[in-house]
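1. let's see this in three dimensions:
(2 chains)
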Amino acid sequence: MALADHLPQSRVARARILHGWLALALIVVSLFSLTVGATEVSFGPALWKLATGEALTRMEAIVLWDIRMPRLILGLLVGSALAVGGAVMQGLFRNPLADPGLVGVSAGAGLGAITAIVLAGLAPLWLSRIAGDQLVPIAAFFGGWASTILLYRVSTRRGRTSVATMLLAGIALGALAGALSGILVYMSDDRQLRDLTFWGLGSLGGASWAKVVAAGPIIALALIAACTLGRGLNGLALGEATAAHIGLNVQRVKGLAILTVAAATGAAVAVSGAIGFIGIVVPHLLRLGTGPDHRPLLINAALLGALLLVLADVIARVIIAPAELPIGIVTAVLGAPVFLWILLRQRGMVDL
Amino acid sequence: MTLVVRNLTVRYGPKTVIKNLDADAVPGALTAIVGPNGSGKSTLIKAICGDLPYTGQITLNGTDVATAQPWELAGLRGVLPQASSLAFPFHAIEVVRIGLTSGLDAEHHHRAEAALARVGLAGYANRYYQELSGGEQQRVQLARVLAQVWSPGTADGPRWLMLDEPVSSLDIAHQLQVMTIARNFARAGGGVIAVMHDLNLTALFADHVLVMANGQLLASGHPADVMTDDVLSRAYGCTLRVNTPPTDTIPYILPHCAAPHAAE
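-> Residues are numbered from 1 along each chain as shown, chains lettered A, B, ... in the order given. Okay, the predicted model is just below:
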């Protein structure tokens, strides 16, 4: 604060400097995550072999290239998508506690996934053949996407979206998706119930290049779109009317924000199940550290979200090795107390 | 290069809030809109700002408000809303800078500091907006609006300040300060439209008064001409007497007699 008093621009400047530090930390954590795992393949010697042109052993190649690398990339994608999705959602709703889970995107995605798990046997043969193992993630993505579009239709009148209607409709939609999911869970047999439980806990365990290819482009598009939203979300923080008064095209900002959230969250939930708290804790921590300006915040959220999720995944893999913990448990155990601490500390600041 | 409102009708659902209203305002003058609660004065300024769907025509410097792009209007006028909330812990200076996001003056970022100084909050740049008092928050918002339309007159025509009850949460000293800023903006060639509750301040600062009642214009003209017993009593639905000192001994304080302290 003492520094900030002398340098009026310092919070934004500090946030810009943080880009570099977070990127550096992300690289370090990523390399670390490649060296850690159930099998004894250490990254250093393997890297040395690559550098000297020596052939990797078949074991090293499989572990590094087919198991750890797609898992790392999926972790980076999902972590950045969840954090940016949360930050954009909070900016859109002008509520620092808003979360993609709140407007039914996650619930819709969940309904899609559960439908796929429980009713997979009823799916026509050609569909199962095309989708294969990807049936659950694909269904989850479409569930999230459909619920966002439905929500947008319900809450937009004459080209104007009412944030209050959207929030309430989101709660109703979430409850409806939850109820339908409950019916499907009731119908499921023991094996399906087990699948449902593990999907619901969230995990990067099933990472594969196929999933990276499925989710990567959508998440990349969402991240690029988010980077253009900084100015618009800053204006929205003053209210929709004021945002328009200072010259923003409010409807376009809101429409793009909704699409961004749907794409980021839908794709992330589709490939990794429900992973909580990244979307709400990461933007909060960054706002505490470097202020709420969305232009640097969204970039930092992508970096810190990716970093934390990869770190959480490392913990999930080593803590009960050779078995592994679903990552959703790790993020909840670490994230929930942080979230509560933020709430208590910030009670006066979060102008609800 | 004026504000022209013709045949304006605004409906909230089935309820007609403003009916067939004609009004004009010129730059270089402070135009006050007064009237009782529910008379449609806030609705009128919202329509002028382009916040509401309406029928009829509103043009600002010849630009049709209904069809203009948000960035075009942002270059013409700044709007101080009646109440503002802020979701995130921005500093005061950051709030002012958000006002510079668009409009003609987007490049001039040093204006944020100057705007805060102009509303008497020079030392408040890095204070949290949420930790300021209601009156200070209102002045930070005014600084944001001033930063947006910094020069009252440009080669392309005058700029406008739209103020919706600008002094409602301020003490008397800051009421006078804010009204003086608005009047100076008008004196420098800009246009000012202010929705006012306080009739004394209106009489003191306005060059032109629009008196509204039941969604229609009851009177329009110089304060001395329209602020009469008859007009005000009809507008507000109670007997009012202008320039009549009370007969009992209860003290009364009028802004007319106020003078700023030398220290300020």
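2. only C-alpha atoms for contact and neighbour calcs from this point on.
-> Noted.
3. up against chain A, what does the stretch 1-150 of chain B have?
-> Proximity of the stretch 1-150 of chain B to chain A is confined to B:49, B:51, B:69-75, B:78-79, B:81, B:84-90, B:93, B:98-103, B:125-126, B:130, B:148 under the rule Cα under 8 Å from any Cα of the partner chain.
4. can you tell me which of the residues you listed end up in helices?
-> With DSSP state H as the criterion, helices contain B:70, B:71, B:72, B:73, B:74, B:75, B:93, B:98, B:148 from among these.
5. surely the third one and residue A:248 touch.
-> Read it as residue B:72. No - using Cα atoms under 8 Å, residue B:72 is not in contact with residue A:248; the gap is 10.0 Å.
6. more neighbours, the two?
-> Neighbours around residue B:72 and residue A:248, counted as other Cα atoms under 10 Å in any protein chain shown, are more numerous at residue A:248. The numbers are 26 against 18.
7. any chance of the backbone angles for that one?
-> The main-chain torsion angles of residue A:248 are listed as degrees, to the nearest 10 and equal phi -90, psi 150.
8. centroid residue for chain A?
-> The structure's chain A has its C-alpha centroid closest to residue A:82; by Cα atoms, centre = their mean the separation is 1.6 Å.
9. what helix or strand is the nearest residue to that residue once chain neighbours are set aside on?
-> In space, not counting the residues next to it along the chain, residue A:82 is nearest to residue A:279; the distance is 4.9 Å by Cα to Cα, 6 or more residues apart in numbering or on different chains. Assigned by DSSP states H and E, residue A:279 belongs to helix A:278-290.
10. please name every helix or strand in contact with the helix or strand hosting residue A:176.
-> When elements are defined using DSSP H and E, residue A:176 is found to belong to helix A:163-187. Taking 3 or more Cα pairs under 8 Å, 6 or more residues apart in numbering or on different chains; DSSP states H and E as the contact definition, the neighbouring helices and strands of helix A:163-187 are helix A:105-119, helix A:135-155.
11. what about 10 Å?
-> Contact here means 3 or more Cα pairs under 10 Å, 6 or more residues apart in numbering or on different chains; DSSP states H and E; on that basis helix A:163-187 packs against helix A:69-93, helix A:105-119, helix A:135-155, strand A:156-157, helix A:190-201.
12. neighbours of residue 144, how many?
-> If you meant another chain, say so; for now it's chain A. By other Cα under 10 Å, 30 other residues sit near residue A:144.
13. was after chain B, sorry
-> If you count neighbours by other Cα under 10 Å, residue B:144 ends up with 29.
14. would you agree it is in contact with residue B:116?
-> Yes - under the criterion of Cα atoms under 10 Å, residue B:144 is in contact with residue B:116, at a separation of 8.1 Å.
15. grab the nearest non-local neighbour of residue A:325.
-> For residue A:325, the nearest residue in space outside its immediate sequence neighbours is residue A:316; the separation is 4.8 Å by Cα to Cα, 6+ apart.
16. chain B versus that neighbour, what's the distance?
-> Per Cα to the nearest Cα, to the nearest Å, residue A:316 is found 33 Å from chain B.
17. next secondary structure element downstream of the helix holding residue A:279?
-> Heading C-terminal from helix A:278-290, the first helix or strand you meet, by DSSP H and E, is helix A:294-318.
18. hey, which helix or strand in chain A has the poorest pLDDT?
-> Lowest on mean pLDDT, DSSP states H and E among the helices and strands of chain A sits helix A:2-6, with a mean of 42.
19. check the stretch 151-264 of chain B for the residue nearest chain A and tell me.
-> Of the residues in the stretch 151-264 of chain B, the one nearest chain A is residue B:162, at a distance of 10.2 Å by Cα to the nearest Cα.
20. same question for that residue, what's its three-state structure.
-> Of the three states, residue B:162 takes strand under DSSP: H, G, I helix; E, B strand; the rest coil.
21. pLDDT wise, what is it at?
-> Looking at residue B:162, its pLDDT reads 95.
22. nearest residue to residue B:66 other than its sequence neighbours?
-> When the adjacent residues along the chain are set aside, residue B:66 lies closest to residue B:50, with 6.2 Å between them (Cα to Cα, 6+ apart).
23. give me the low-pLDDT residue ranges for the stretch 51-200 of chain A?
-> A:51, A:53, A:102, A:123, A:125, A:127-134, A:137, A:156-163, A:198-200 (pLDDT under 70).
24. chain B contacts on that one?
-> The interface of the stretch 51-200 of chain A toward chain B, taken as Cα under 10 Å from any Cα of the partner chain, is made up of A:90, A:91, A:93, A:94, A:95, A:96, A:158.
25. neighbours of the third one, how many?
-> So that's residue A:93. Around residue A:93 sit 22 other residues, with neighbours defined as other Cα under 10 Å.
26. can you tell me how far it is from residue B:86?
-> 11 Å (Cα to Cα, to the nearest Å).
27. touching both of the two, which residues are there?
-> Shared between the contact lists of residue A:93 and residue B:86 (criterion: Cα atoms under 10 Å, 6 or more residues apart in numbering or on different chains) are residues A:236, A:237, A:239.
28. can I assume the first one is in contact with residue A:244?
-> Yes - using Cα under 10 Å as the test, residue A:236 is close enough to residue A:244 to be in contact (8.5 Å).
29. residue contacts, the closest residue to residue A:208 other than its chain neighbours?
-> Taking Cα to Cα, 6+ apart, and ignoring the residues beside it in sequence, residue A:208 has residue A:70 as its nearest neighbour in space, at 5.4 Å. The contact partners of residue A:70, by Cα under 10 Å, 6+ apart, come to A:64, A:76, A:204, A:206, A:207, A:208, A:209, A:210, A:211, A:212, A:213.
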